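Participant: Next input, structure requested:
(one chain, ligands or ions: 2)
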Amino acid sequence: MADATARNVGPIILIGPPGAGKGTQAKRIAERYGIPQISTGDILRENVERGTPLGVLARDIMARGELVPNESIFDMVAQRLRQVDCEHGFILDGFPRTPAQAGWLDAFLEHEFFENLHRGVCLPIVIRLKVDYNQLVKRLTGRRTCLAGGHIYNIYSQPPRVDEICDVDGSKLVIRDDDREEVIRERLTAYELQTRPVIDYYERKGRLVCVDGDAPVDEVSNQIWQVLERPAVSN
Ligand code: ADP
Ligand code: AMP
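Facilitator: Ligands and ions are numbered 1, 2, ... in the order given. So this is what the prediction gives:
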């Protein structure tokens with residue numbers, strides 16, 4: 001797949017509330033273009049799992065549905081973006097989550113990342129997945145994730161072939177700690193208060209494109225291909 005559509009897509013930011021489908025679509029974009037998905041939530045969960053100092057710091061904050069402090073997030077993202085697989089593009093999922101994070105990312109991309117890019121698209125494309133609030137709670141309570149490969153399922157809309165088992169690698173599916181209803185409400189509130197202003201930030205810069213995230217998964221992907229493959233962003 002990546003060969004058929006290979007191009008220098010540059011940085012892509014997926015923005016939307018928890019449950020909007022960022023992880024689901026990021027994996028599809030990663031496969032189609034051969035660029036990495038960088039999910040700050042996934043990296044934090046790995047750190048919690050491994051019991052690193054960052055994981056110890058983040059564990060309770062994540063369990064409450066609050067945001068991990070910027071200084072830890074910035075170090076973590078900078079370290080990841082400096083890896084060689086990000087040179088021709090990457091998909092950010094879950095970052096930036098505040099206007100301060102968006103400002104930090106702009107400065108980072110301008111001063112560090114772009115200097116290393118030999119050619120191609122430089123400014124990030126920001127894709128907003130718009131989803132009805134009531135759908136989000138249903139999606140999050142129905143989400144199941146495989147521990148081994150991070151494959152994402154939903155007991156209502158994308159069930160595995162065998163109950164609680166990942167179709168791809170046969171591992172057991174789990175419910176994320178923060179996908180309990182009381183934490184879901186907290187996370188959606190944090191999104192409204194802290195992340196929604198990021199949408200205005202990118203809109204003012206003329207970089208925001210909206211996609212109907214309420215549509216079925218394949219339709220959402222098709223909308224994204226149209227955005228990424230229009231002539232203005234091809235080489
Ligand atoms: P996010 O990364 O934005 O939190 P996910 O990609 O994990 O969201 O999706 C949240 C849940 O919703 C998952 O269970 C996923 O299977 C399901 N889902 C994702 N996209 C859609 C869609 N377009 N329609 C219905 N369910 C979806
Ligand atoms: P996610 O997997 O994107 O839903 O994120 C899960 C949790 O990780 C969030 O509720 C936060 O506690 C933390 N987190 C993820 N990304 C960030 C970020 N960019 N800034 C601060 N905290 C984050």
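Participant: and stretch 60-67 with ligand 2, contact?
Facilitator: Yes. Applying CB under 6 Å from any ligand atom, one finds stretch 60-67 touching ligand 2 at 61-62, 65-67. Yep, even glycine has a C-beta here, placed from its N, CA and C like the rest.
Participant: Can you give me the buried ones in that stretch?
Facilitator: 62, 65, 67 (16 or more other CB atoms under 10 Å).
Participant: Which one of those is nearest to ligand 1?
Facilitator: residue 65 (12.3 Å; CB to the nearest ligand atom).
Participant: Now do the contacts for that closest one.
Facilitator: Counting by CB atoms under 8 Å, 6 or more residues apart in numbering, residue 65 makes contact with 178, 183-184, 186-187, 190.
Participant: one more time with 7 Å, if that's ok
Facilitator: Residues in contact with residue 65 (CB atoms under 7 Å, 6 or more residues apart in numbering) are 178, 183, 186-187, 190.
Participant: do residue 93 as well
Facilitator: When contacts are counted by CB under 7 Å, 6+ apart, residue 93 touches 14, 22-23, 26, 37-39.
Participant: before we move on, what about residue 176?
Facilitator: Counted by CB under 7 Å, 6+ apart, residue 176 has contacts 143, 145.
Participant: doesn't it fall inside a strand?
Facilitator: No. Secondary structure of residue 176 (DSSP: H, G, I helix; E, B strand; the rest coil): coil, not part of a strand.
Participant: what about stretch 29-37, near ligand 2?
Facilitator: No. Stretch 29-37 does not reach ligand 2 (CB under 6 Å from any ligand atom); its nearest approach is 11.6 Å.
Participant: measure that stretch end to end?
Facilitator: Terminal residues of stretch 29-37 lie 8 Å apart, using CA to CA, to the nearest Å.
Participant: List the buried residues of it.
Facilitator: The neighbour-count check on stretch 29-37 (16+ other CB under 10 Å) flags 29-30, 32-37 as buried.
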